[in-house]
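> Next one to model:
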Amino acid sequence: MTATALALVATFATTDTAGATPVAVPEVQLVVKLSGGAAVHASSLLAGLPGSTPRGMIADRYSFQVPEGEVAATLSRLQSAPGVEYASQVRTVHSTALPNDPCYVSSCVATSADTGLPVLVTQSDLNQVNAPGAWAVTTGANAPLVAVLDTGVDGNHPDLIGKVIVGPVICAQDDPTCAGISGPNTDDNGHGTHVTGTIAAATNNGSGVASLGWQTRAETFKVLDSTGSGTTADLATGIYDAVAAGARVINMSLGNDACSVLPQNCGPDPDTQAAVQFALAHNVVVVAAAGNDSSTEATYPAGYPGVLSVASVDGSDNTSTFSEYGAAANISAPGEGIVSTWNNGGYDTLTGTSMSAPHVAAAAALVFAANPALTAAQVTSILRETASPEGGRGIDGGVLNAGHAVQLARSAGPYGGYDIAGADGSVYAFGASPYLGGLTGQALNKPVVAVAGKRDHTGYWMAASDGGIFDFGSAAFYGSTGNVHLNKPIVGMAATPDGGGYWLVASDGGIFDFGDAAFYGSTGNVHLNKPIVGMAATPDGGGYWLVASDGGIFDFGDAAFYGSTGNMTLNRPIVGIESTSDGGGYWLVASDGGVFAFGDAPFEGSAAASSVPAPVIGIS
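Purely as a prediction, here's the structure:
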C-alpha cells in the first residue's frame, strides 16, 4: 500500500468556500484491506493524509467515506494499488424475520403455558427437528460457545440469565443509534433475543421456553441496530470477534437481498467473505439465514462457500412460501410461528428464515458436544447427511434432524481417514478422507516426495524433491524451496492445524517453515543412522514428529512419542507419517503402502496388497 494510493481517498473531502452556503454531498462508506506487508506501515501511511483519517478495524481493514459520485473511481484506483487485497463498498444487511403483528412492533408479551397466561403457540418446532433424539445423547453440557451476530440480547431475561454472554456493540462504530448502548440488555429490537433463545434459553427450569441447545451457551455480538439493519463492515468485524472469543459455531440470522428484488443491495461482499473464510479456516461452523425473497437466488452471507444456508419449512416439512429455495439453501428448519424469548422478559412468535437458522446452529453445538474430536467441516457434513426429506419446492438438501445428527456423531467416533500419495502424484483415499485430485499423467520436473492434508479433509498439498508445491482442494500456496539451493533434497511435509502454513523437511532433518508454521527444532546437526523421510504436526501446531526410513521417531515441541518400527524388520522402508486428529497417535506408511498404527491411531486399510503403479511416498 502506498501513500499515494491511500491519499486519493482523502482528496475527495469537501471544504466550504467563504461566504457560500455549504451543500450536503451524499457520501458512501468504503472498506479497504491491506496486505500484511502494507499493514505494517499503515499508521505512517495513514497519518499524513489530508482530511479525515480512515478508521482502522480488525484484520488490517480501514473504513472511510467518499462522495457518492466518486465511488467507482476510488474503488478502481484502490483495487489496482500495490498492497491492497481488496476495496469494496459497504452494503446494508438486515434481519430475515417476518414479524407477527402486533407483538413485533410493541411491547406486548407472548406468554407460556407454564404461567397460565395467554398461550400463543407451542414449541412443535423442537419435536419437528427430533430434539428429543438429540437430548437422549447429550444436552450440551460440554457444547462449545455459539456466537449470535444480531441485534443484541436482553441479558436480564429470566430464561437467558447465566446462559448468555452479552458481547460487544459493534454497530456503534458506524451507527449513531447504537452509540451508548451497554449493560446487560443490548437489544433495542427483540430479534436477537428471539434468535438467542432458540439456541440457549434455559431448559428444564419449569418456566418459559425450552431451547434446542439445552445447556449450550451463547455470546452475542450486536451488528444490527434498532431497525434490524447494519453494515457488511460491522458484520465482518463481528465474525472476526466471534472467532477471537472462541466460538465454534456462528449464527447469522441476517443477510442482504436477492438481486432480482433489490439490485443495489445484493451479491457477495469481499470484506464479509474474507471474514467467513477466516472463520472456516479456524474450524468454526458458520450458519446463516437463506433469506425471505422466495427466490432461488443466493443471498449473503448465506451464499458464501462453506456456509450452512438455512431455508424455512412449515409444520409439514414443506418449503415455506416466503423462503429461498433450490440451490440457494443447503439445509432447512422450522421457521413459521416460532415462539422464543423476547425483550423485557417476554416471549413472542416470529416467522422467517431468521428463526430457522438458530435451530441449525444449536444442532451444530450438540453435534460438537457428542463428539468433540470432529472438525467444523465434519459437523457441517453430518448435519447435511442426516437431514430428512423436504417437501414443496425443495432445496439442495433436507430438513434438519438434530437427533439423527447427534446420534451419528456419537457413534462415528473420531472421523478418521488418510490419503496415500505416489511418486507420480497419484492419490489413494481411505476412510473419511475424500479424493481431491492428483498429478498422474503430468510431466514433473522432480518426483513427488511428500503429501500433507488440511485437518478438515477439504484440501491437501504435494511437495516435489526440490520443494516445489502443488495444492489441491481448499489448500493454499504459502511458499516453496523451488528456487532455493538445497544441501539435501526435500523428503517430507506437514501442514499447520488451521491450514495457514506448512513445513518442509530435508533428508538430513533440516526444517523450512512457511505461512504460520513455526520452527521447533530439527536433526540438521545430528548424526542419523537412517535419513529422514517424513514429518507430521501436532493438532495445535505446537510441535512435530520426524520419521526416518527405518521408522525411528524424533519428536519436537509438544509432540509425544507413541512407538516406532525402529526395531522391526520391514519389507519396505518407511516413507511417511501422519498424526491423528487429537494428537494421541500416528500412522507410518511404507513404500509398498503398508500402514503401521501407533497410539490411538486406528487402522483404516492399506495399499500393500494393491498393485500401485508408483512407489508410495507419503500419507496424509
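
> Let me know the average pLDDT across stretch 285-301.
The pLDDT scores in stretch 285-301 average 96.

> Kindly report the same for stretch 549-559.
The model assigns stretch 549-559 a mean pLDDT of 88.

> Kindly report the same for stretch 128-136.
Rounded mean pLDDT across stretch 128-136 is 90.

> go on, stretch 319-339?
For stretch 319-339, the mean confidence score works out to 95.

> Spit out the contact partners of Gln65.
Contacts were defined as CB atoms under 8 Å, 6 or more residues apart in numbering; by that measure Gln65 touches 27-30, 52. (C-beta placed from N, C-alpha, C; glycine too.)

> doesn't Val589 make contact with Gly576?
Yes: using CB atoms under 8 Å, Gly576 is in contact with Val589, at 4.7 Å.

> which residues in the protein form helices?
Using DSSP state H, the helices of the chain run over residues 3-10, 36-40, 42-47, 71-79, 124-128, 131-135, 191-200, 232-244, 270-281, 353-370, 376-385, 402-412.

> rewinding a little: between which two of the contacts of Gln65 is the distance greatest?
The largest distance within the contacts of Gln65, taken as CB to CB, falls between Val28 and Ser52 and amounts to 14.3 Å.

> So between these two, which is more surrounded?
Higher neighbour count among Val28 and Ser52: Val28, with 16 against 11, using other CB atoms under 10 Å.

> correct me, but that one touches Ala72?
No: under the criterion of CB under 8 Å, Val28 makes no contact with Ala72, lying 10.2 Å away.

> In a markdown table: the helices of the chain, plus mean neighbour count and distance to Phe322.
Conversion of those to a markdown table gives the following (neighbours: other CB atoms under 10 Å; distance: least, CB to CB, whole Å):
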| stretch | mean neighbour count | distance to Phe322 |
| --- | --- | --- |
| helix 3-10 | 18 | 40 |
| helix 36-40 | 14 | 43 |
| helix 42-47 | 15 | 44 |
| helix 71-79 | 15 | 32 |
| helix 124-128 | 19 | 16 |
| helix 131-135 | 21 | 24 |
| helix 191-200 | 32 | 16 |
| helix 232-244 | 25 | 22 |
| helix 270-281 | 22 | 24 |
| helix 353-370 | 31 | 8 |
| helix 376-385 | 22 | 23 |
| helix 402-412 | 21 | 23 |
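
> Turn those helices into CSV, including distance to Gly594.
Shown next, in CSV, are those (distance: least, CB to CB, whole Å):
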stretch, distance to Gly594
helix 3-10, 56
helix 36-40, 43
helix 42-47, 53
helix 71-79, 52
helix 124-128, 49
helix 131-135, 41
helix 191-200, 47
helix 232-244, 40
helix 270-281, 33
helix 353-370, 34
helix 376-385, 27
helix 402-412, 26
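
> and of the ones you listed, who's closest to Val451?
helix 376-385 (18.6 Å).

> how big is the angle separating that closest one from helix 402-412?
On the basis of axes from the mean of the first three to the mean of the last three CA atoms, to 10 degrees, helix 376-385 is oriented at 130 degrees to helix 402-412.

> what sits up against stretch 134-141?
Residues contacting stretch 134-141 (CB under 8 Å, 6+ apart): 203, 212-216, 363, 365-366, 369-370, 402-403, 405-407, 410.

> distance of the nearest residue to Ser88 once chain neighbours are set aside from Ala81?
Nearest residue to Ser88, sequence neighbours excluded (CB to CB, 6 or more residues apart in numbering): Pro270, at 5.0 Å. As judged by CB to CB, to the nearest Å, Pro270 and Ala81 stand 15 Å apart.

> Pro144 too?
40 Å.

> Compare the two and say which one has the larger neighbour count.
A direct count of neighbours by other CB under 10 Å for Pro144 and Ala81 places Pro144 higher, at 21 against 18.

> Name the nearest residue to the more buried one, sequence neighbours excluded.
Pro144 sits nearest to Arg248 (CB to CB, 6+ apart), 3.5 Å away.

> Quick check: that neighbour touching Leu366?
No: using CB under 8 Å, Arg248 is not in contact with Leu366; the gap is 11.7 Å.

> shared neighbours, those two?
With CB under 8 Å, 6+ apart, Arg248 and Leu366 have no common neighbours.

> quick one: contacts for Thr321?
Contacts of Thr321 by CB under 8 Å, 6+ apart are Ser294.

> For Tyr586, give me its contacts.
With CB under 8 Å, 6+ apart, Tyr586 has these contacts: 536, 545, 562, 577-580, 598-599, 601.

> Sitting in strands, which of these do you find?
536, 545, 577-579, 598-599 (DSSP state E).

> As JSON lines, those with pLDDT would be great.
JSON lines is the format used below for these (pLDDT from 0 to 100):
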{"residue": "Ala536", "pLDDT": "86"}
{"residue": "Trp545", "pLDDT": "89"}
{"residue": "Ile577", "pLDDT": "83"}
{"residue": "Glu578", "pLDDT": "80"}
{"residue": "Ser579", "pLDDT": "81"}
{"residue": "Phe598", "pLDDT": "83"}
{"residue": "Gly599", "pLDDT": "81"}
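
> In those residues, which residue is surrounded by the most others?
Most surrounded of those: other CB under 10 Å gives Ala536, at 29 neighbours.
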